[in-house]
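Sequence and computational prediction follow.
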Amino acid sequence: MIISPNDWMIKAGAKIVGDNQLALPLNCLLVPMGLASEAIVSYRQSEALNERIKHGLVVVTMVRVADTAYFSRVAKMLYEHNGKKIKICEHCIRGQLWPTKIKEYRQKANKNIIHKMEQGLPINNIDLEVVEKYYEEMFQHPLTNPIHWPAVNGLQRCNKCTQKRKR
């Protein structure tokens with residue numbers, strides 16, 4: 001039996017294989033989503049605003065880390081799959097491959113939480129509403145089978161990836 005805070009490992013497709021070994025399809029998610037999941041449980045249990053802010057910051061930061069790691073991994077898989085002919089990065093594919101709101105929630109988390117903290121501005125419960133949405137949205141991605149090899153030439157690519165390599 002797999003036990004993890006908020007059952008995140010089950011949501012992410014973890015399985016017990018072989019000689020009682022834990023297998024997670026994308027092990028790059030292990031640390032950040034583990035920390036985010038512990039913090040989301042504490043966040044939901046907290047009533048004091050300062051505790052909710054503390055746990056909310058851990059959640060939003062770790063989900064951002066997991067989000068970046070996930071899309072970087074998928075972009076690398078796509079790039080290798082197309083024989084490294086068409087350059088593609090995590091910025092190119094975020095928001096294009098699967099119909100979720102993770103890009104929207106990431107932008108809200110950046111604006112309402114991360115940027116406010118960087119500017120020394122206060123965070124309130126309204127700002128923190130994005131925390132749970134962002135966390136739950138991470139599991140709307142096909143984490144167990146991350147890619148069905150879409151046609152890379154149909155994706156919009158960022159400026160960095162469309163520039164020709166310097167020789």
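Right, received. Where do you want to start?

remind me which residues of this protein are low pLDDT?
By pLDDT under 70, the low-scoring segments of the chain are 144-150, 164-167.

Okay, helices next: where are they in the protein?
8-11, 30-45, 49-81, 90-93, 102-109, 115-118, 125-138, 159-162 (DSSP state H).

for this structure, which residue is closest to the average position?
Closest residue to the average C-alpha location of the chain: Asp67 at 2.0 Å, with C-alpha atoms, centre = their mean.

So Ala14 is in contact with Gln21, correct?
No: applying C-beta atoms under 8 Å, one finds Ala14 not in contact with Gln21, separated by 10.7 Å. For glycine as for every other residue, the C-beta is placed from the backbone atoms N, C-alpha and C.

Comparing the two, which shows the higher neighbour count?
More crowded of Ala14 and Gln21, by other C-beta atoms under 10 Å: Ala14, with 21 against 8.

any idea how far that one is from Ala66?
The gap separating Ala14 from Ala66 is 14 Å, by C-beta to C-beta, to the nearest Å.

same check, this time on Lys108
The gap separating Lys108 from Ala66 is 17 Å, by C-beta to C-beta.

follow-up on the earlier one: ok, the residue nearest to the centre of the chain to Gln96 distance?
For Asp67, the distance to Gln96 (C-beta to C-beta) stands at 14 Å.
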